[in-house]
Structure formats: structure tokens, C-alpha cells
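> Coordinates for the following, if possible.
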Amino acid sequence: MVRAKNGDTVKVHYTGKLDDGSVFDTSSASEPLEFTIGQGQIIPGFEQAIIGMSPGESKTVKVSADKAYGQRREEMVLVIDREKFPKHLNPEVGQRLRIPQAGGRTAVVTVTDVSESSITLDGNHPLAGKDLTFDIELVEIV
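Residues are numbered from 1 along each chain as shown. Purely as a prediction, here's the structure:
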């Protein structure tokens, strides 16, 4: 029986859940997720869970924060004086913004607090610091 290995391009259906059982992402209403194992296109723990699976096989796997989006890092939270924030933007809590970085790159941040004097931006991934559970079905090895 054929089993997924490093370098294979695979198609999977998945549902990702937090510890409280709430679903944060799923492919059930869309096409399967396609990626190549070993190219770093998805979180390491999810990728490792696929290795050794055969088409048609399903499993549930718990991925620790360290093998998902990493631990929350407080140094990635930045408080900016409201006066230094672009005047044309009206920030709201939960809003995601792209911030220009050196070398032409951008960073995605989430507005976590807005006051009259400051705006707090969090550069951590929204799932950083969380253990994740995935229900995975290997649909196909391409």
C-alpha cells in the first residue's frame, strides 16, 4: 500500500479545532488542501502527521503550539502613540493590518487595543501559543 512520504504532493481534507472544541479552520466545504511534504508550506506538526498515511486513511492528531504557530512572544506586541499612527486609518480591535518592513517585506499585525492616546498591535499569529487538534483525511497522493 502506498504511504505518504517526504517530497510527495498530497491532497487532504482537515478540520482544525482548539482545546475547547471550537473549529478554527476546515476544508470540508471546499477543495482538499494540496501541498508538498517537506517544503514548509504548512505547520510542521500537521505535515508530520501526514507522513505514513495512505489514501483514504483518516486520523486525529494533536499538534503542540511548538509544532504549530509557536509560543506567543510578548516582544511582538507593540504600543504606538496615536499621533504616530497614519491619520487616514481608523483602527478597530480585531482589525488586521499589513505593516511595511525593511527589504520590502510586510508583517501582518492585529489591533488588540485602541485608546485615545495609543494603539496596541500584536504581531503574533492568532493561533500562537495554542495546541491544535486536527481531524485529517488523506484524499490523494498526487
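> how far does stretch 112-119 stretch from start to finish?
8 Å (C-alpha to C-alpha, to the nearest Å).
> can you list contacts of it?
The contact list for stretch 112-119, computed with C-beta atoms under 8 Å, 6 or more residues apart in numbering, reads 77, 79-82, 85, 91-93, 111, 120-122. Backbone N, C-alpha and C define where each C-beta goes, glycine included.
> likewise stretch 91-98?
In contact with stretch 91-98 (C-beta under 8 Å, 6+ apart) are residues 85, 89, 106-114, 119, 121.
> Can you give the distance from that stretch to the centre of its chain?
Mean C-alpha position of stretch 91-98 versus that of the full chain (C-alpha atoms, centre = their mean, to the nearest Å) differs by 17 Å.
> What mean pLDDT does that stretch get?
What stretch 91-98 shows for mean pLDDT is 93.
> In it, which residues are buried?
Buried residues in stretch 91-98, defined by neighbour count with 16 or more other C-beta atoms under 10 Å: Pro91.
> mind saving the C-alpha coords of it as CSV?
Listed next in CSV are the C-alpha coordinates belonging to stretch 91-98 (Å, rounded to 0.1, in the frame of the first residue of the first chain):
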residue,chain,number,x,y,z
PRO,A,91,-8.2,51.2,13.7
GLU,A,92,-10.6,48.8,15.4
VAL,A,93,-9.9,45.9,17.8
GLY,A,94,-9.6,42.7,15.7
GLN,A,95,-8.6,44.5,12.6
ARG,A,96,-5.6,43.0,10.7
LEU,A,97,-3.1,45.4,9.1
ARG,A,98,-0.1,44.9,6.9
